[in-house]
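> okay, sequence plus prediction incoming.
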Amino acid sequence: MDFQLSEDQQALRAGIRSFCDGRVSIDALRELEKQGFDRSLWGELAEMGVFSLRLAESAGGVGLGSADAVIVFAELGRRLVPGPLVWSHLAADLVEGAADGERVVGGIEQLRPSNEPVLVEHLDQLDALLVLRKDGVYRVDPKSVPAQSAGTPLDPFTPIFVVKSLPQGERVGDAALVHKLRLEGAALAAAQLLGIAEMTTELATDYAKKREQFDRPIGSFQAIKHILADCYTRQELARVAAYAAGATLDDPSVGSVERAVATAKLIAGDAAMKNARACVQVHGGMGYTWEIPAHYYLKRVWVLENMFGDVHEHAERMAEIVAAD
Amino acid sequence: MDLRYSASDEAFRKELRAWLADAVPAHGPRPSERVDWDARCAYDQSWQRKLYDAGYAGINWPKAYGGRDASLTEQLVYFEETTRARAPYVGVNFVGLLHGGPTIIAEGNPEQKERHIGPIIRGEQIWCQGFSEPGAGSDLASLKTRAVRDGDHYVVNGHKIWTSFAQVADYCELLVRTTPEEKHRGITWLAMPMNLDGIEIRPLPTLLGSTEFSEVFLEDVRVPVDCRVGKENDGWRVTNVTLSFERGTAFTSDIMKLQEALRELTEVAKRITRDDASAWEDRALRRDVGHAAAEAEALWAFVKYIVSEAQRTGLPGTSGSCLKLYYTELKQRIGELSMRVLGRAALVREDIAGLPSEEFVFQALQSLSMTIAAGSSQIQRNIISERILGLPKERR
């Protein structure tokens, strides 16, 4: 047993971190906020292997595992890299052109039959839309869907479209694939939430060291310190939970995949939500402004929280698992 | 990143599991915390002897001292299996096995090792802890119990508190002040025999109603100098050796038990009727239980992460404070959930109407001690924010 990053994994993390730090800094993010979706950034992410990471080498992929994908997606979360990252990654061997970034693939879960309108992220930029239904995975042509903006998005980087009724689309996978994609999707969303939990702790800690009141850094007061100690503790718990989900997906002999994934999504979602809120709080009045990026993080948490099951859904799943033990 | 146990870890698991399957039922049920000390000592000490005879005592102790010298992952297997088998807890042997013994192995002289190591690991020598004082809790180094050298003896005067097992202990790991002008550098570590004249023990009932710990009054107690472990005034360093053992894998079995507690709670909730349905049909309760189960699952992954870190670096990492902080608070929330599931049955300390009130209420109340003992949650948050996050120290 060695539940730490291998040397290759450390290198993988360092590579993607340095790319994200350089390419998606806060200033770059503010540019993206004005410009909207950036196809060239999408292409660069594809070149970094973000979408082809788990695709077999024989199919032109990187041939890595879910634990590696968790490491990469945590870095994307740290820098709030926008776009339907998880869906395009999941589509690598379902939609031609997804792996190399040629096609931007989004998705939506529609597990109960419904005629209600659905909200779809990034619809205007999509080349393919995956729909997860109870009986299988369907591919819908976004051009066949009348896309109408749902209004001002909560997360400025995640535009939302309302679709009155989703076409049936072409069936590209069975119910077992739906189950698999939901587990993998939850693990990768958890990874991004881990990244957010980490970054919000860092931003708040840095600010607490610099900001002075009563002639000393506010970070010297226990009232602030203890908030940050809790942020760090939640972040570390989210880290091991997300890593364990990746490692268990790679080798289900080490434990229950369902259990590990539900734990990761719940723990990372909880950590990200609380840490992003703490990040606003520690920044004081500035934290409530558009200028300080804390709010971007909190808003992205809500996007990720509404993907692949929220905290309540996974808590109920865990309760079922414990009751069946 | 590899979560698989090795083949030798699994072989160890198989052998241990087979032994526990016979040994645990044969040892019988644990006497209640509120029954007499003799019964508790007999139960805990004879279990320790059985572990010793089977080669499982002192799981992390060196072989030269009778221990198993198990690898860190084997220790995890040990905790997984002993928890699964509901094996007896270390009980009255806690201070000897987790504090006194390892400290003497690390810092004691040959005579001290001869006097203590074998008897501790065989469950024949009980220890208690004389660290805290009424005026020295979180700020332990401000302790005032005075030891003055008089020939071959230290004459000790002072007042210790929170001393678990004082009534039954043979020895006390005692911190005394040998140089009043110094703070950290004026402390000495003594292995004090508890049968000396001038030691008065006054049990201090806990909120459980148990006499788990006592106050210990020391009046002109003459402790032989050969009881000193380490050099005079070097006791603070020796103490940190002691505490590093406590911060190692000491919480591991407690964390394992969280999952077990949630399973039991679930089983009871299914049997209890509330508003014409079982308590388990309450969605809010299921969410709370499921949330806690995810936290317990993540904590177990955290243990593996910390063990892997220690395996790589040979040192315990800095994450121990996070682990202690999180699991003790989770344990309290699970305790409160258990009380809620019991409802009015929690108003009685003994089992009632087929419900496990005794155990649930005991666990819920006892969990209150965990965020205070071994570095309170507030101290842990100070450690995390100052030593890990690098925030400025508060004026002390």
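Arrived safely, thanks for sending.
> run through the strands of the chain in chain order.
All of this is about chain A. A:105-109, A:118-121, A:128-133, A:136-140, A:148-149, A:160-163, A:170-174, A:212-213, A:216-217 (DSSP state E).
> switch to chain B, please.
Using DSSP E, the strands assigned to chain B run over residues B:127-130, B:146-150, B:153-164, B:171-177, B:187-193, B:199-203, B:213-224, B:228-229, B:273-274, B:277-278.
> which strands or helices does the last one pack on?
Here strand B:277-278 touches helix B:252-271, going by 3 or more CB pairs under 8 Å, 6 or more residues apart in numbering or on different chains; DSSP states H and E. For glycine as for every other residue, the C-beta is placed from the backbone atoms N, C-alpha and C.
> close to chain B, is the longest helix seen in chain A?
Using DSSP state H, we find that the single longest helix of chain A is helix A:175-210. Yes - using CB under 8 Å from any CB of the partner chain, helix A:175-210 reaches chain B at A:Thr201, A:Thr205, A:Ala208, A:Lys209.
> which among those gets closest to A:Gln222?
A:Ala208 (11.7 Å; CB to CB).
> and the angle for the longest helix of chain A with strand A:128-133?
Here the directions of helix A:175-210 and strand A:128-133 differ by 110 degrees (axes from the mean of the first three to the mean of the last three CA atoms, to 10 degrees).
> what are the buried residues along helix A:175-210?
Buried positions in helix A:175-210, judged by neighbour count with 16 or more other CB atoms under 10 Å in any protein chain shown: A:178, A:180-205, A:207-209.
> how far out from the middle of the chain is it?
On the basis of CA atoms, centre = their mean, to the nearest Å, the separation between the geometric centre of helix A:175-210 and that of its chain is 5 Å.
> that one - what's its average pLDDT?
Helix A:175-210 shows a mean pLDDT of 98 in the predicted model.
> and that helix with strand A:136-140, angle?
Computed by the same axes, to 10 degrees, the angle between helix A:175-210 and strand A:136-140 is 70 degrees.
> what helices or strands is helix A:175-210 leaning on?
Helix A:175-210 sits against helix A:66-78, helix A:85-90, strand A:128-133, strand A:136-140, strand A:216-217, helix A:222-250, helix A:257-282, helix A:294-305, with contacts defined as 3+ CB pairs under 8 Å, 6+ apart.
> got the residues of the stretch 1-150 of chain B near chain A?
Applying the criterion CB under 8 Å from any CB, the portion of the stretch 1-150 of chain B that neighbours chain A consists of B:Met1, B:Asp2, B:Leu3, B:Arg4, B:Tyr5, B:Ser6, B:Asp9, B:Thr73, B:Leu76.
> now the residues you listed: which count as buried?
B:Met1, B:Asp2, B:Leu3, B:Tyr5, B:Asp9, B:Thr73, B:Leu76.
> distance to chain B and mean neighbour count for the helices and strands packed on helix A:175-210 - can I get that in a markdown table?
As requested, those are arranged in a markdown table below (distance: least, CB to the nearest CB, whole Å; neighbours: other CB atoms under 10 Å in any protein chain shown):
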| stretch | distance to chain B | mean neighbour count |
| --- | --- | --- |
| helix A:66-78 | 5 | 26 |
| helix A:85-90 | 19 | 26 |
| strand A:128-133 | 22 | 24 |
| strand A:136-140 | 27 | 20 |
| strand A:216-217 | 5 | 14 |
| helix A:222-250 | 4 | 25 |
| helix A:257-282 | 4 | 26 |
| helix A:294-305 | 14 | 22 |
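> quick one: the nearest residue to A:Ala186 once chain neighbours are set aside and chain B, what's the gap?
Across the structure, with CB to CB, 6 or more residues apart in numbering or on different chains as the measure, the residue nearest A:Ala186 apart from its sequence neighbours is A:Phe308 (3.9 Å). Spatial separation of A:Phe308 from chain B under the definition CB to the nearest CB, to the nearest Å is 15 Å.
> and what of A:Glu170?
When CB to the nearest CB is applied, the distance between A:Glu170 and chain B equals 36 Å.
> what's the pLDDT at A:Asp251?
According to the model's per-residue confidence, A:Asp251 sits at a pLDDT of 96.
> residue contacts, it?
B:Asp2, B:Leu3, B:Arg4 (CB atoms under 8 Å, 6 or more residues apart in numbering or on different chains).
> what sits against A:Thr284?
Let me fix one detail, which is that residue A:284 is Gly and not Thr. Residues in contact with A:Gly284, defined by CB under 8 Å, 6+ apart, are A:Arg211.
> which residue of chain B lies farthest from its centroid?
B:Asp276 (42.2 Å; CA atoms, centre = their mean).
> same thing with chain A?
Summary for chain A: using CA atoms, centre = their mean, the residue whose C-alpha lies farthest from the chain's mean C-alpha position is A:Asp215, with a distance of 39.8 Å.
> what is the burial count for B:Glu15?
Each residue near B:Glu15 was counted by other CB atoms under 10 Å in any protein chain shown, and the total is 14.
> same question for B:Thr188.
When neighbours are counted by other CB under 10 Å, B:Thr188 registers 23.
> point out where the stretch 101-250 of chain B drops to low pLDDT.
Residues of the stretch 101-250 of chain B meeting the criterion pLDDT under 70: B:242, B:244-250.
> residue of it nearest chain A, please.
Of the stretch 101-250 of chain B, the residue with the smallest distance to chain A, taken as CB to the nearest CB, is B:Ser138 at 12.4 Å.
> and for the stretch 1-150 of chain B?
Using CB to the nearest CB, the closest approach of the stretch 1-150 of chain B to chain A is made by B:Leu3 at 4.0 Å.
> residues contacting the residue lying closest to that residue once chain neighbours are set aside?
Using CB to CB, 6+ apart and skipping residues adjacent in sequence, the residue nearest B:Leu3 is A:Val254, 4.0 Å away. Under the criterion of CB under 8 Å, 6+ apart, the contact list for A:Val254 reads A:Ala247, A:Thr248, B:Leu3, B:Arg4.
> got the confidence number for A:Val254?
Confidence per residue is given as pLDDT, and for A:Val254 that number is 94.
> out of the strands of chain A, flag the one nearest B:Arg287.
When these are ranked by distance to B:Arg287, counting by CB to CB, first place goes to strand A:105-109 at 20.2 Å.
> contacts only, for B:Phe131.
Neighbour list for B:Phe131: B:Leu140, B:Leu143, B:Lys160, B:Glu173, B:Leu175, B:Thr239 [criterion: CB under 8 Å, 6+ apart].
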